[in-house]
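Undergrad: fold the following and give me the result.
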Amino acid sequence: MIVLTQLLLRYLVLQKILNQNQVQLELGNALFGIMILSTVLIAAAGYIINDYFDVKTDLINHPDTVVVDKIIRRRWAIILHITFTLAGIVLGIYAALKTGYLRLAIFHFAAAILLWFYSTHLKRKLLVGNIVVSLLTAAVAFMPFVFEMGVMQKTHPGFIVENSLLILSAFKITFIFSLFAFITSMAREIIKDIEDFNGDKATGGQTMPIVWGIRTSKFNAFFMLIITALLLLFVVYNTIKAHRIVFSINNVYVFATLILPLVLLAFYTIKADSSAQFKRASLMLKLIMLMGLCYSFIFYYT
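TA: Okay, the predicted model is just below:
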């Protein structure tokens, strides 16, 4: 999903906006590939350390999918985590240096640090862990834009000032993708916390379902999904208002693959009452997130 997100947002969304303004992508494909690899390695390290600290919880919630201590020894899990993290940070620094803005490496440092503290402390805290994961998910969508603009400014000094409308347009579209990723990730994290209620409670977790109750958590997830659907409906309304066309490919896609499924999933989540149903809801939301990402094809070709 990380690779797909960054590839599609660069080669479909950013490229179309730049081409419409007679501007070409400046960040080299090899350097962009290094940026993606860095992001993936840091994310993989985050998954490993999360599994490392979550063995007891996972043995209760997902005993069939536990890897650490069953397939991989704990020592090797730590070695892999350190190796992936260091490799990801080094590649991130290299990519930032090549763009001419070392401070861009803050994305990679911040992600690595947050993922460590998420696994050790934040995951079990009320809302904090959910917000961290959602922010990191949203940041993945923003990285192609930030790196591309950095290279543009370095290659053509004054580019940002001279092309403010172009940058604003690219920023707005990227922000919509990031906001969609943030809200849906928050909803999915809450649903996953409900699914993992038993294991989290047994190991001292303080997640939303444990502190506020499952019923309140379901309503929070419900409202997040409905709010996302309403925001997308607002986007469709603005598109209709601008182009005076109701049944365009753009509008039909957004309504059929995003708005309607989000509303249906919201009501399914409210009615769900078993771990299996919440797991199904989580997978359904992941599919909706994928469909939201695939909207970039509609954006590019229409």
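
Undergrad: disregarding flanking residues, what is the spatial nearest neighbour of residue 16?
TA: Distances taken as Cβ to Cβ, 6 or more residues apart in numbering place residue 300 nearest to residue 16, at 5.1 Å, with adjacent residues excluded. Any C-beta I mention is one placed from the backbone N, CA and C, and that applies to glycine too.

Undergrad: do I have it right that that neighbour meets residue 12?
TA: Yes. At 4.0 Å, residue 300 and residue 12 qualify as touching, with contact defined as Cβ atoms under 8 Å.

Undergrad: now residue 245. Nearest residue, chain neighbours left out?
TA: In space, residue 245 is closest to residue 251, 7.5 Å off (Cβ to Cβ, 6+ apart).

Undergrad: over to residue 23?
TA: That would be residue 166: by Cβ to Cβ, 6+ apart, it lies 6.7 Å from residue 23.

Undergrad: does that neighbour touch residue 19 like I think?
TA: No. Using Cβ under 8 Å, residue 166 is not in contact with residue 19, being 10.7 Å away.

Undergrad: higher neighbour count, these two?
TA: When residue 166 and residue 19 are compared for neighbours, residue 166 comes out ahead with 19 against 12, by other Cβ atoms under 10 Å.

Undergrad: for the more buried one, what are its contacts?
TA: Contact analysis of residue 166 by Cβ atoms under 8 Å, 6 or more residues apart in numbering lists 17-18, 21, 23.

Undergrad: how does it look with 10 Å?
TA: 17-18, 20-23, 149, 152, 159-160 (Cβ atoms under 10 Å, 6 or more residues apart in numbering).

Undergrad: from these, which is closest to residue 80?
TA: Ranked by distance to residue 80 (Cβ to Cβ), these are led by residue 149 at 33.6 Å.

Undergrad: helix or strand for the closest one, which one?
TA: Per DSSP states H and E: residue 149 is located in helix 128-155.

Undergrad: sorry, back to before: okay, residue 300 and residue 12: which has more neighbours?
TA: residue 12 (18 against 15).

Undergrad: tell me the spacing between that one and residue 144.
TA: Relative to residue 144, residue 12 is positioned 10 Å away (Cβ to Cβ, to the nearest Å).

Undergrad: if we can go back for a sec, give me the element the residue nearest to residue 16 is part of.
TA: helix 275-301.
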